[in-house]
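**Student:** Let me see the structure of the following:
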Amino acid sequence: VKEMLFDSDKHKWSMNDNEFGTRIKGHRHVCIVIEDMNDNIFGGYCSKEIGINKFHYDKKSFVFSLKRNGEYTMKKYLLKEGCYDLKVNRNPFKILFRFGSEDKNNDYYYRDICIHKKDSTNKSMCQQYSYEYNGEENALRGSSDDFDVKRIVVYEMEETDKMKQQREREEQKERENDKT
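**Tutor:** Residues are numbered from 1 along each chain as shown. Sure, this is the predicted structure:
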């Protein structure tokens, strides 16, 4: 872990505040860990630079379950081809962030993890659309019921030299493709 970027026990994440987005914008290799009121622990990872109010396509993205229904699970689920991973919303949107979408233009459907802001009247939810769950139902939290968030912690993971070299090669390819 390189550094902790956000902790909901210390930082603001309400409807009229943008501290969450401000603290993680521009960072890469971001791991978001969520704990719900039933002590389920799950989250997601995105290696791309975080922007605000746009979906990322990151084939290295995944969601995970660390603890589900009182049992430690330690499972990782990879992004399906053609799906989008993380979107951090700007104010005054009720949704803080979401992982997963089959359609980057559709803000209302296909959310594998959807976390609402602290003072939103909506509850957060997990559905299974954009990641490979291999037939496992309710893979992230053990329930499809909407839920309240207990805590969110965001970490920036250390980028190894190998990861940096690979990222730089991919960025060079993207620039070359943009020219054509």
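
**Student:** could you pull out the helices for the chain?
**Tutor:** Using DSSP state H, the helices of the chain run over 19-24, 161-179.

**Student:** Sort out which residues of the last one are buried, please.
**Tutor:** If you call a residue buried by 16 or more other C-beta atoms under 10 Å, then helix 161-179 has these buried ones: residue 167. C-betas here are computed from N, CA, C, even on glycine.

**Student:** Contacts for it next, please.
**Tutor:** Helix 161-179 has contacts (C-beta atoms under 8 Å, 6 or more residues apart in numbering) with 28, 29, 47, 159.

**Student:** Of these, which pair is most distant in space?
**Tutor:** Greatest spacing in the contacts of helix 161-179, by C-beta to C-beta: 47 and 159 (8.6 Å).

**Student:** Quick one: residues contacting residue 124.
**Tutor:** Applying C-beta under 8 Å, 6+ apart, we find residue 124 in contact with 36, 113, 114, 115, 116, 146, 147, 148, 149.

**Student:** and of these, the nearest to residue 131?
**Tutor:** When the contacts of residue 124 are compared for distance to residue 131 (C-beta to C-beta), residue 113 wins out at 9.4 Å.

**Student:** What about that closest one, how many residues nearby?
**Tutor:** Residue 113 sits with 23 neighbouring residues when counted by other C-beta atoms under 10 Å.

**Student:** what about the residue nearest to it when sequence neighbours are not counted, how many neighbours?
**Tutor:** Leaving aside its sequence neighbours, residue 113 sits nearest to residue 99 (C-beta to C-beta, 6 or more residues apart in numbering; 4.2 Å). Counted by other C-beta under 10 Å, the residues lying close to residue 99 total 30.

**Student:** what sits opposite residue 99 in the beta ladder?
**Tutor:** residue 86, residue 113 (DSSP bridges).

**Student:** Residue 152 now?
**Tutor:** Beta-bridge partners, per DSSP bridges, of residue 152: residue 34.
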